[in-house]
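A.B. asks: Sequence first, then the predicted structure, then my questions.
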Amino acid sequence: MTEAAAKRGLGRGLSALLDEMGAPAKPKSGDTLMLPIAMIAPNPDQPRRHFDPAALEELASSIRNMGLLQPIVVTAEREGRHIIVAGERRWRAARMAGRHDIPVIIHDVDGESILEAALVENIQRAELNPMEEAQAYRQLMYRHQVDHELMAKRVGKSRSHISNMVRLVYLPEEVQAMVADGRLSLGHAKVLAGVEEPLALARRVVEQALTVRQLEALVRAKGMAKPRKAKPARDADIEALERNIADSTGLKTRIEAKDGAGQVTLSFSSLDQLDLIVARLGSGSF
């Protein structure tokens, strides 16, 4: 080989050499493989915030003896790291157990979908305390600009459940802490969300170990519930027009009108529906 040929060979670059050596294909969504723990990072938007140290140590002991039997779910690689979608507790325990790599399933989701996927996974496993669940719903609704009804459909819960949970984020911080650490149950929290002075009442519940029924009876007896605001009556013609638009477009419609001005809101639940709106606007078929 001439000196010039040798130089050309050396200058081909690492990618060409890897191609010749049969470098493995980049993992794709759905693949299961072993990954170094150092390449995996927790999700900064993980809805679960509390991990019981004793339970983690128990899981770590199991992993030392049996290994990690159930893979965690991570995103496709971005900037050299995989973000955890589901399984941060198992990842933490594996690190405690001294594991250098763990089994993972690649799930190619975008940044806006990671929180939603993590929330659904934690809900299905019943691993969130009520405040973590409530705060995650609120965060998702704010990010995606969706109402309680659409949020319920996305996570597989009833609309009333979403509404009741989101109300908890408006409780005083001290009351939220009592709910998060288990001193107050979800039932207690729902009652407290509907009273004028929830903090004083929450302290009394904890001090006297009141049940939910005892708390409800106390609220009724003392007349402590917040007065319900009467919903203003809506114009029947406006509501009929909303129904007509919804029937013709297949989209949830809301019309707000006052003094001859207002706005029409069309809600979509998928990109296909958004494409339909854009297409109809472009063709003038609305």
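C.D. replies: Nice, thanks for sending it over. Residues are numbered from 1 along each chain as shown.
A.B. asks: Give the residue spans of the stretch 151-286 of the chain that score low on pLDDT.
C.D. replies: When residues are selected by pLDDT under 70, those of the stretch 151-286 of the chain lie in 227-234, 247-250, 269-273, 276, 280, 282-286.
A.B. asks: what ranges do the helices span in it?
C.D. replies: For the stretch 151-286 of the chain, the helices defined by DSSP state H, counting those that start in this stretch cover 159-166, 173-180, 186-192, 198-208, 212-222, 236-249, 271-283.
A.B. asks: out of the ones you listed, deepest packed?
C.D. replies: Sort the helices of the stretch 151-286 of the chain by mean neighbour count, taking mean count of other Cβ atoms under 10 Å, and helix 186-192 sits at the top with a mean of 21. No exception for glycine: its C-beta is placed from N, CA and C like everyone else's.
A.B. asks: can you dump the C-alpha coordinates of that helix into CSV?
C.D. replies: Output of helix 186-192 as CSV, limited to C-alpha atoms (Å, rounded to 0.1, in the frame of the first residue of the first chain):
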residue,chain,number,x,y,z
LEU,A,186,-57.9,11.7,50.3
GLY,A,187,-61.4,11.6,51.8
HIS,A,188,-60.4,14.2,54.4
ALA,A,189,-58.7,16.4,51.8
LYS,A,190,-61.9,16.4,49.5
VAL,A,191,-64.0,17.7,52.5
LEU,A,192,-61.4,20.3,53.5
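A.B. asks: Check the gap between Glu132 and Leu186 for me.
C.D. replies: From Glu132 across to Leu186, the span is 12 Å (Cβ to Cβ, to the nearest Å).
A.B. asks: Which one of the helices of the stretch 151-286 of the chain lies nearest to Arg89?
C.D. replies: The minimum distance between Arg89 and the helices of the stretch 151-286 of the chain falls on helix 173-180, with 16.7 Å, by Cβ to Cβ.
A.B. asks: what's the closest one packed up against?
C.D. replies: helix 130-144, helix 186-192, helix 198-208 (3 or more Cβ pairs under 8 Å, 6 or more residues apart in numbering; DSSP states H and E).
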